[in-house]
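Novice: any chance you can model this:
(chains A and B)
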Amino acid sequence: MDFEDKSENGVTVVSIKGQRMDAAVAPLFKSHMVDLIQQGHKRLVLNLETVDFMDSSGLASLMSSMKTLGGSGEIAVCCLGDKVRKLFTITRLDRGVFRIFGTTAEAVAALTTAPAPE
Amino acid sequence: MDMIELSITSRLELVHLLGLAVRGICGGLPLSKDEADGLELAVCEAANNSIKHAYAGRSDGLVRVTLAVDGTGLVIGVYDKGTPLEDRQKLSNDLSVARSVDELPEGGMGLFLIRNAADSVGYKAGEQGNVLVIRKAFSEEQA
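Specialist: Okay, here's the model as predicted:
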């Protein structure tokens, strides 16, 4: 699994380059996110446009990243395909846990105007 | 009853092959796309559990998947010969809605997703190994 990181208006956009975010690659993703957070990136957008399959390990790695932030910052997700969107709905993670946006631009705009992380 | 059997060694990077095969088979059965997607996910979750928990990450185990089809539905069995699931309560736990970051669950979602995709889920551990059984009926409109 590869990642592409970009900075836009103080928001770090992490694009997953791969079709699967599953148990085989979740540790890699988690490690990448923890590295970014420890480097001071507190406003993150995860672009899941290329991800066609996500399992509970993929979701757990995302939740673990959120916990690493410790409440001082936010991870939003964007560009979800139908299957991944449905997974967020089934697991109720779309109910106030992760903000979900249709496009990267919408997500970046929302996080740019959010209160500054402590 | 028609039946097919698939197997992989207990390596997480091989689980997607089971998922692809299951999705392909479900695509030829009277199941909706959502149902087929759910069953693909369920089999992957069950295989992940076998590898991560029953085999504790060991790569020399075997995960076997059987799919049996009759006129009414599909029965999927996911077999391993590792350590049995101790807490059977996990098979019926529901997910609560997390209200804060601290409440976010990081475990137990796999079994929840398996149950969500199935009409019923069973688990049996014995001398011959462990099996998680996933049953899904064909919907009437499509059968």
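
Novice: can you list the low-confidence ranges for chain B?
Specialist: For chain B, applying pLDDT under 70 flags the ranges B:89-90, B:92-107, B:140-143.

Novice: hey, where'd the helices end up in it?
Specialist: B:15-27, B:33-49, B:109-117 (DSSP state H).

Novice: looking at those helices, which is buried most?
Specialist: Greatest average neighbour count among these goes to helix B:33-49 (a mean of 24), per mean count of other CB atoms under 10 Å in any protein chain shown. The C-beta positions use only the backbone N, C-alpha and C, and glycine is treated the same way.

Novice: check A:Asp55 and give its pLDDT.
Specialist: The score at A:Asp55 is 97. That number is its pLDDT.

Novice: circling back: what about the helices of chain B, which gets the closest to A:Ile37?
Specialist: Closest to A:Ile37 of the helices of chain B is helix B:109-117 (CB to CB; 22.1 Å).

Novice: who touches that closest one?
Specialist: The contact list for helix B:109-117 (CB atoms under 8 Å, 6 or more residues apart in numbering or on different chains) reads A:55-57, A:59-60, A:87, A:90-91, B:35, B:38-39, B:41-42, B:45-46, B:48-49, B:90-95, B:121, B:132, B:134, B:136.

Novice: what's the answer for stretch A:34-42, then?
Specialist: A:Asp5, A:Thr12, A:Val14, A:Leu44, A:Ser65, A:Thr68, A:Leu69, A:Ser72, A:Gly73, A:Glu74, A:Pro117.

Novice: contacts only, for the spatially most central residue of chain A.
Specialist: Centrality entry for chain A: nearest residue to the mean C-alpha point is A:Leu46, 3.3 Å, by CA atoms, centre = their mean. A:Leu46 makes contact with A:Val14, A:Ile16, A:Leu62, A:Ile75, A:Ala76, A:Val77, A:Cys78 under the criterion CB under 8 Å, 6+ apart.

Novice: endpoints of stretch B:116-136, how far apart?
Specialist: 11 Å (CA to CA, to the nearest Å).

Novice: also stretch B:53-62?
Specialist: Counting by CA to CA, you get 13 Å between the two ends of stretch B:53-62.

Novice: list the buried ones in it?
Specialist: By neighbour count on 16 or more other CB atoms under 10 Å in any protein chain shown, the buried set for stretch B:53-62 is B:His53, B:Ala54, B:Tyr55, B:Gly61.

Novice: what does it rub up against?
Specialist: Taking CB under 8 Å, 6+ apart as the rule, stretch B:53-62 contacts B:7-11, B:50-51, B:80-85, B:130.

Novice: stretch B:21-32 near chain A at all?
Specialist: No. Stretch B:21-32 lies apart from chain A when judged by CB under 8 Å from any CB of the partner chain; the minimum separation is 9.3 Å.

Novice: and the contacts of the helix or strand harbouring A:Leu59?
Specialist: For A:Leu59, the host element (DSSP states H and E) is helix A:56-69. Residues outside helix A:56-69 that contact it (CB under 8 Å, 6+ apart) are A:20-23, A:25-27, A:29-30, A:33-34, A:37-38, A:42, A:44, A:46, A:51, A:75, A:77, A:87, A:91, A:93, A:97-98, A:117, B:45, B:48, B:101-102, B:104-107, B:109-110, B:112-113.
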